[in-house]
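[1] take a look and give me a structure for this.
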Amino acid sequence: MLSIFSEADSDFDQRRPFWLPYNQVCLPIIHEGYLTEITEIGSKLNYYLLSSTCLLRLSQGSDFIETMAILKWKRVIPFTDNKELLKFGFKIGHSDNYKTFYVDNEEDLNRWIDKLSLVGIMDNIEKDYLIVNEIGRGSFATVFLAIDSTNGKKYAIKCFSKFELCNRKNGIKQLLTEIEIMRRLDHPNIVKLFKIYEDYDSVYLVLEYAEGGDLRKKLSICKRFSEADAIGLIQKLLKVVEYMRSLNIVHRDIKLENIFLVNSDSNNDFKLGDFGLASECENFLEGKCGSLGYVAPEILLGMKYSFNVDVFSVGVVFFSLIAGRIPFLGKTTNEIYNKNLNCNIQFNEKCWISINIQTICMIQNLTTKDPRLRSEAKHALRNQIFHKPQDESNYYSINLSPLSYLLTKTSNECHFVESQADHQFYLNELNIQVLYYSQLPQSTAITNSAIS
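    The predicted model follows:
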């Protein structure tokens, strides 16, 4: 089967030559050194710079960058040729459009390949990794535990069938988007993409491995998280959402199964993974996607939506950690759909009796049906539940501002306001009735009966 990356590379510009004029848009340099390039008229020794997207060629005898090659979807093939004077080298490109480079020795070759593997597409995954066993299976891919053949480190390898990608609507496009987004991400609580491989049948993503398993598995063992552990994890997760927003990225599938604990003993040291539904977002997105039970109502309604769909999913995770279950349960898909759409979350189970009212109100706010009333991640992070006082004995007796909370009669929801301007927005723009509380009673559940 043809390389899907070859097609992606040619689709970018079929007339594009390998070397292009330098346009000064490349990212920081990750490697540099001398290479002997094979040209149509012989060989030429030049100094090259490698960025996270491009290979840059300097003019001979100067520091002037002459040309650049975009490596985004190009294959990188190392080789050793014992018949030639120059033995160690690599090829970059596809089919009949390769460029060949040589280095002086095997050590130089290994250094170049180590860095090029972060930029291009590699082959021969069986040589580099030992597959141990299957650890996960989704709708579009299978995940395996693998060990690096050179250093014994563990990785998760996500395997996609090229046949299934080609036969699924937008399958290849979604994979390319997933790769592009993951290559941009660099955050301690996001699964890191290390390398990409392709062979005749499959595409492989070499990913950071989190040994603790996903949060759904963790909850099946521990049943519930303590309030403190849940708050600690959600604080980090909101920071991840805010980080993605700073890069104009929406995940669109935040759920227990996509949050992986670094080890089994940790309750909030995690990695967010599975960016198969992620998308770049300048203003608004359209199209239904996500996992039922975690999806923001505006997606289910077919409305245009933005970054706050991830905030809604974080709120569902928050509820689930404390309750030990997702808030929208049902015997049929249609029942779950309707509960998810209506967002009528109840806090009348015994586990909520000891939970701080501020925590309950935060969950209500994050899962508000109307996205205009839902806090952005950066605003939610300012809430005092994420900034406990040094004296934890005073945690439940903090004096609240008269505008700290709004309990709305019209929607049975709890919202946070941080300023008089926010207060006026609720009253004037949305025209809702509110009740003010300067201090709410401890451990009071926000339910329909609490707002009459």
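
[2] same for whichever strand or helix holds Ala230, what does it pack against?
    Using DSSP states H and E, Ala230 maps to helix 227-246. Counting contacts by 3 or more Cβ pairs under 8 Å, 6 or more residues apart in numbering; DSSP states H and E, helix 227-246 is packed against strand 270-272, helix 308-323, helix 357-366, helix 377-380. Where you see a C-beta, it was placed from the backbone N, CA and C, and this is true even at glycine.

[3] next one: Met244 from Tyr48, what distance?
    Separation of Met244 from Tyr48 (Cβ to Cβ, to the nearest Å): 33 Å.

[4] equivalent analysis for Gly171, please.
    Computed as Cβ to Cβ, the Gly171 to Tyr48 distance reads 35 Å.

[5] quick one: pLDDT of Asp96?
    At Asp96, the pLDDT value in this model is 69.

[6] okay, the helices and strands packed on helix 227-246, which one's buried deepest?
    helix 308-323 (a mean of 25; mean count of other Cβ atoms under 10 Å).

[7] taking helix 227-246 as reference, get the angle to that helix.
    Between helix 308-323 and helix 227-246, the angle comes out at 170 degrees (axes from the mean of the first three to the mean of the last three Cα atoms, to 10 degrees).

[8] tell me the mean pLDDT for helix 308-323?
    Computed over helix 308-323, the average pLDDT equals 98.

[9] the nearest residue to Gly213 once chain neighbours are set aside: neighbouring residues, count only.
    Spatial nearest neighbour of Gly213, chain neighbours left out: Leu261 (6.3 Å); criterion: Cβ to Cβ, 6 or more residues apart in numbering. Neighbourhood size, Leu261 [other Cβ atoms under 10 Å]: 21.

[10] what's opposite Leu261 in the beta bridge?
    Phe270 (DSSP bridges).

[11] who's in contact with it?
    When contacts are counted by Cβ atoms under 8 Å, 6 or more residues apart in numbering, Leu261 touches 210-215, 218, 267, 269-270.

[12] Leu238 too?
    311, 314, 377, 380-381, 386.

[13] likewise Ile385?
    Here Ile385 is in contact with 231, 356, 358-359, 362 (Cβ under 8 Å, 6+ apart).

[14] again, 10 Å this time
    Applying Cβ atoms under 10 Å, 6 or more residues apart in numbering to Ile385 gives the contacts 227, 231, 234-235, 356-362, 395, 398.

[15] Phe270 now?
    By Cβ under 10 Å, 6+ apart, the contact set of Phe270 is 188-191, 210, 212, 214-215, 218, 233, 236-237, 240, 259-262.

[16] which of the contacts of Ile385 lies closest to Met303?
    Closest to Met303 out of these is Met362 (24.2 Å), distances taken as Cβ to Cβ.

[17] separation between the closest one and Glu298?
    As judged by Cβ to Cβ, Met362 and Glu298 stand 20 Å apart.

[18] pLDDT weak spots in the stretch 51-200 of the chain?
    For the stretch 51-200 of the chain, the stretches with pLDDT under 70 are 84, 96.

[19] the strands in it, which residues?
    Assigned by DSSP state E, counting those that start in this stretch, the strands in the stretch 51-200 of the chain fall at 54-58, 65-70, 75-80, 88-94, 97-103, 129-137, 142-148, 154-161, 193-198.

[20] how many degrees apart are the fourth one and strand 54-58 in direction?
    So the one you mean is strand 88-94. Using the same axes, to 10 degrees: strand 88-94 against strand 54-58 is 120 degrees.

[21] which among the contacts of Ile385 gets closest to Thr142?
    Ile234 (30.0 Å).

[22] might one say that the closest one is in contact with Val317?
    Yes: between Ile234 and Val317 there is a contact at 7.1 Å, judged by Cβ atoms under 10 Å.

[23] what is in contact with the two at once?
    Joint contacts of Ile234 and Val317 (Cβ under 10 Å, 6+ apart) are 363, 366.

[24] coming back round to it: who's more crowded, Met244 and Tyr48?
    Just comparing Met244 and Tyr48: by other Cβ under 10 Å the higher neighbour count belongs to Met244, 25 against 18.

[25] look up how far Val250 lies from the more buried one.
    7 Å.

[26] same deal with Phe347?
    Counting by Cβ to Cβ, the gap from Phe347 to Val250 is 28 Å.

[27] one more: Arg184?
    13 Å.

[28] who has more neighbours, these two?
    The neighbour comparison of Arg184 against Val250 (other Cβ under 10 Å) goes to Val250, with 22 against 15.

[29] isn't the more buried one right up against Asn308?
    Yes: the pair Val250 / Asn308 is scored as a contact, 9.2 Å apart, by Cβ under 10 Å.

[30] now list whatever residues contact both of those two.
    Common neighbours of Val250 and Asn308 (Cβ under 10 Å, 6+ apart) are Val241.

[31] circling back: ok, the contacts of Leu261 vs His94, which is closest?
    Closest to His94, out of all of the contacts of Leu261 and judged by Cβ to Cβ, is Ala210, at 33.6 Å.

[32] which residues touch the closest one?
    Counted by Cβ under 10 Å, 6+ apart, Ala210 has contacts 154, 156, 191, 259-263, 266, 269-271, 273.

[33] before we move on, what SS does it have?
    Three-state call for Ala210 (DSSP: H, G, I helix; E, B strand; the rest coil): coil.

[34] ditto for the one 10 residues further on
    Here Ser220 is helix, with the state taken from three-state DSSP.

[35] hang on, isn't it packed against Gly324?
    Yes: counting by Cβ under 10 Å, Gly324 is a contact partner of Ser220 at 9.1 Å.

[36] the more surrounded of the two?
    Set Ser220 next to Gly324 and count neighbours by other Cβ under 10 Å: Gly324 wins out with 15 against 12.

[37] what's near enough to touch that one?
    Gly324 sits next to 219-220, 222-225, 349, 351 when contact means Cβ under 10 Å, 6+ apart.

[38] can we see that at 7 Å?
    Counting by Cβ atoms under 7 Å, 6 or more residues apart in numbering, Gly324 makes contact with 219, 223-224.

[39] mind putting the helices and strands packed on helix 227-246 into CSV with distance to Thr67?
    Below are the helices and strands packed on helix 227-246 laid out as CSV (distance: least, Cβ to Cβ, whole Å):
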stretch, distance to Thr67
strand 270-272, 38
helix 308-323, 40
helix 357-366, 50
helix 377-380, 42
